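In: please find the sequence and the predicted model below.
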Amino acid sequence: MHKRADAKDSVEWHVAMKPGKRRNLDKEHSVQGLLHQLEKLKAGIRAKVEHPFRVIKRQFGHTKVRYRGLKKNTEQLKTLFALSNLWMVRHRLAAGA
């Protein structure tokens, strides 16, 4: 991200710290403790965002790109994300029935 000249000023990047660097943080130190909490927050947000993609890839088998046209691909992805939402709340739906 630091190497891209076109994205230097336009976007504020929130990239995760490398695991080795995060592991070396001293959680007792005030600044490093805050950095550790920030990294945990970023990881929690990333987990929520990435979960529907995992469902689409693993449960519905959408792992390879198919070239069918932009409209068909868009509609298929919309349908798959709607199904992934249903998949993730299936236990709550079954409990209410």
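Out: Received the coordinates, thanks.
In: what's downstream of the helix ranked longest in the chain, the next helix or strand?
Out: Using DSSP state H, we find that the single longest helix of the chain is helix 30-58. Counting by DSSP states H and E, the next helix or strand C-terminal to helix 30-58 is helix 70-88.
In: mean confidence for the next helix or strand after that next one?
Out: Using DSSP H and E, the helix or strand that follows helix 70-88 in sequence is helix 90-96. Average pLDDT, helix 90-96: 90.
In: if we can go back for a sec, buried ones in the longest helix of the chain?
Out: For helix 30-58, the neighbour count (16 or more other C-beta atoms under 10 Å) marks Leu35, His36, Glu39, Pro52, Val55, Ile56 as buried. Where you see a C-beta, it was placed from the backbone N, CA and C, and this is true even at glycine.
In: so His51 makes contact with Asn85?
Out: No: assessed by C-beta atoms under 8 Å, His51 is found out of contact with Asn85, at 10.5 Å.
In: pLDDT value on Thr63, please?
Out: Note for Thr63: predicted pLDDT of 82.
In: wait, what's in contact with it?
Out: Lys57 (C-beta atoms under 8 Å, 6 or more residues apart in numbering).
In: for Ser84, which non-adjacent residue is spatially closest?
Out: The shortest distance from Ser84 to any non-neighbouring residue, by C-beta to C-beta, 6 or more residues apart in numbering, is to Val55 (4.0 Å).
In: I figured that neighbour hits Leu86, correct?
Out: No: in this structure Val55 lies outside contact range of Leu86 using C-beta under 8 Å: 9.7 Å.
In: looking at the buried residues of helix 30-58, which one is closest to Lys27?
Out: Proximity of these to Lys27 (C-beta to C-beta) peaks at His36, which lies at 5.3 Å.
In: could you report the pLDDT at that closest one?
Out: The model reports His36 with a pLDDT of 88.
In: would you mind measuring from it to Lys42?
Out: Noted for His36: a distance of 11 Å to Lys42, by C-beta to C-beta, to the nearest Å.
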